[in-house]
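> Next input, structure requested:
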Amino acid sequence: MTTSRDDRTNQHPTRVAPPARPGWPEIIAGTLGALVALMALPLFDLVGLDGDPVAHGLVLTAWSGVAGLVGFAVAALIRLRSWSAFSVRRTTWRWVGVGVVAGIVAFLLKGFLNAGIIAVTGFSSDPQGDYYDAAGGGLLPLILTFVFLSVLTPIGEELFFRGVVTNALLRYGPVIGVVSSSVFFALVHGINMALPSALVVGIIAAEAMRRSGSIWPAVIVHAVNNLGLPLLVLLTGAAGPAA
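Just a heads-up that it's a prediction; the model follows:
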């Protein structure tokens with residue numbers, strides 16, 4: 001008895017290959033895209049925003065998220081069209097809860113780390129004073145600071161740094177992927193007191209994404225951590241570095 005070609009096809013269906021992981025082309029293109037977005041910041045000063053500390057602080061607060069979104073868009077468009085390649089896929093309520101708890105842990109851990117660094121070095125210069133100006137400018141600026149720091153920035157930065165960079169570097173193993181992408185994330189924040197905070201948040205967020213397979217637990221980690229700044233401004237008028 002012979003088997004038709006259609007029968008053989010049905011018996012051995014074509015396997016769908018998993019989406020390709022982003023690589024160095026996405027890292028390089030996305031980084032360049034984010035840098036171009038950041039280079040647009042001085043344009044706001046040309047229209048006089050630097051004379052208004054609240055407006056200037058709000059722009060700076062929003063722009064890291066905007067730059068992250070631009071970097072992600074450039075990276076996603078050059079070669080890979082499947083968002084699942086960047087871990088943009090649904091997650092579970094369990095991982096939502098894990099993200100919340102991990103975000104609280106990140107916030108507390110970076111606080112202890114920063115306190116230790118200040119105690120040892122005496123260096124306490126805060127690079128994010130403009131954020132406090134924005135959050136302390138009244139009810140509307142405070143609400144916008146909440147939105148920018150705890151929604152826009154986590155989504156934009158996580159899509160690029162974790163969705164693109166961490167996923168690309170995970171091809172070299174989980175330790176290299178998580179740690180090296182987190183170091184890159186921290187260095188982008190500059191050599192200042194924001195660096196250790198960003199390193200802690202980066203490692204925890206990257207590991208949450210790696211273990212869950214979704215970008216959203218990492219976004220939640222970042223969002224919960226960043227809630228600390230506007231909340232402390234609201235309650236005490238002081239805050240520590242966000243990420």
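
> Output the longest helix belonging to this structure.
Looking only at the chain and at elements set by DSSP state H, the helix with the highest residue count is helix 93-121.

> Over to the residue nearest to residue 59 when sequence neighbours are not counted. Which of the three states is it?
In space, and not counting its chain neighbours, residue 59 is closest to residue 44: 5.2 Å by Cβ to Cβ, 6 or more residues apart in numbering. C-beta here means a position set from N, CA and C on the backbone, and glycine is covered the same way. Following DSSP: H, G, I helix; E, B strand; the rest coil, the label given to residue 44 is helix.

> my read: residue 44 touches residue 52, true?
No - taking Cβ atoms under 8 Å as the contact criterion, residue 44 and residue 52 are not neighbours in contact, 10.3 Å apart.

> Run the chain-centre distance for stretch 144-158.
Taking Cα atoms, centre = their mean, to the nearest Å, the mean C-alpha location of stretch 144-158 is offset from the chain mean by 9 Å.

> Kindly report the same for stretch 149-165.
Stretch 149-165 has its average C-alpha position 3 Å from the chain's average C-alpha position, going by Cα atoms, centre = their mean.

> And stretch 79-93, what's buried?
Counting neighbours by 16 or more other Cβ atoms under 10 Å, one finds that the buried residues in stretch 79-93 are 80, 85, 86, 87, 88, 91.

> would you turn these into JSON lines with distance to residue 104 and pLDDT?
Putting the buried residues of stretch 79-93 into JSON lines (distance: Cβ to Cβ, whole Å; pLDDT from 0 to 100) gives the following:
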{"residue": "80", "distance to residue 104": "33", "pLDDT": "75"}
{"residue": "85", "distance to residue 104": "30", "pLDDT": "93"}
{"residue": "86", "distance to residue 104": "26", "pLDDT": "96"}
{"residue": "87", "distance to residue 104": "22", "pLDDT": "96"}
{"residue": "88", "distance to residue 104": "24", "pLDDT": "96"}
{"residue": "91", "distance to residue 104": "18", "pLDDT": "97"}
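
> Identify the farthest-apart pair in those residues.
80 and 91 (20.3 Å; Cβ to Cβ).

> Based on its surroundings, how many neighbours for the residue nearest to residue 171 when sequence neighbours are not counted?
With sequence-adjacent residues excluded and distances taken as Cβ to Cβ, 6+ apart, residue 171 is closest to residue 21, at 6.0 Å. Neighbour count for residue 21, taken as other Cβ atoms under 10 Å: 15.
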